[in-house]
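Novice: Generate a structure from the sequence data that follows.
(one chain, ligands or ions: 2)
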Amino acid sequence: MESGRGLLMVFTGNGKGKTSAAMGVALRAAGQGFKTLMIQFIKGSWHYGELDSSRMLGDAFEIRPMGRGFVKVGAGKPDPEDIRLVEEAWKTAVEAMHSGKYDMVILDELNYAIHYGMLPIGRVIADLAARPERVHVISTGRNAHPDLIEAADLVSEIKEIKHPFHQGVLAQRGIDY
Ligand code: ATP
Ligand code: MG
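Specialist: Ligands and ions are numbered 1, 2, ... in the order given. As a prediction, the model looks like this:
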């Protein structure tokens, strides 16, 4: 077995649990003395519980929301402002991978940003391949690009069987945010 090699992991699918799973890995890693940075590509100013929980872990788990909470999906091309924000988030992610500060970088909703054409897949693959070998990366979001799946070491698809949303139950405190 190889040891000490950073893995590229992808959590995708239409069921709930992708971001939660990534945070679960960060929690486990914190116990092993790892430092994790989670960059949220879509989430913005809305206050999620995980922002406070990550602070409880000190510098073992840092979360940076870098989106504006939603993405304008029109009929045509993505909104230039969304592209600018995703671009900035990606630069931050690549810098973090090279900084030596983090053992793990979580790219929350990167799959979504790629899917909506806000970041070219070729660039993502190239930058991920060029990261320091020991850095673990997790990418979350629906509709993971086939090239990202191909490049990944681990891919899990979370499939919706049931979700209370379909019974009219809206997002729940402590469960969804
Ligand atoms: P979570 O952050 O809870 O782990 P996720 O990362 O798998 O969820 P996203 O696609 O990021 O899912 O969507 C986030 C929000 O949408 C959450 O509030 C979640 O409960 C809700 N959601 C996720 N999957 C579904 C679904 N199949 N139907 C309705 N709502 C969903
Ligand atoms: Mg998510």
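Novice: Report the central residue of this protein.
Specialist: residue 108 (1.7 Å; Cα atoms, centre = their mean).
Novice: My guess is that one contacts residue 40. True?
Specialist: Yes: assessed by Cβ atoms under 8 Å, residue 108 is found in contact with residue 40 at 4.5 Å. C-betas here are computed from N, CA, C, even on glycine.
Novice: tell me the pLDDT at the closest residue to ligand 2 within the chain?
Specialist: Per Cβ to the ion, residue 19 is where the chain lies closest to ligand 2, at 3.3 Å. On pLDDT, residue 19 comes in at 97.
Novice: Kindly report the same for residue 112.
Specialist: Note for residue 112: predicted pLDDT of 95.
Novice: Repeat that for residue 60.
Specialist: 98.
Novice: Please identify the helix or strand for the closest residue to it other than its chain neighbours.
Specialist: In this structure, residue 60 finds its nearest non-sequential neighbour in residue 30, 3.8 Å apart by Cβ to Cβ, 6 or more residues apart in numbering. In this assignment (DSSP states H and E), residue 30 forms part of helix 18-31.
Novice: Ligand 1 versus the residue nearest to the centre of the chain, what's the distance?
Specialist: To ligand 1, residue 108 is 8 Å away according to Cβ to the nearest ligand atom, to the nearest Å.
Novice: Show the contacting residues for that residue.
Specialist: Under the criterion of Cβ atoms under 8 Å, 6 or more residues apart in numbering, the neighbours of residue 108 are 19, 22, 38-43, 140-141.
Novice: For residue 106, give me phi and psi.
Specialist: Backbone torsions of residue 106, given as degrees, to the nearest 10, read phi -100, psi 130.
Novice: helix, strand or coil for the nearest residue to it once chain neighbours are set aside?
Specialist: Among residues not flanking residue 106 along the chain, residue 38 sits closest, at 3.9 Å (Cβ to Cβ, 6+ apart). Under DSSP: H, G, I helix; E, B strand; the rest coil, residue 38 falls in the strand class.
Novice: All good on my end, thank you.
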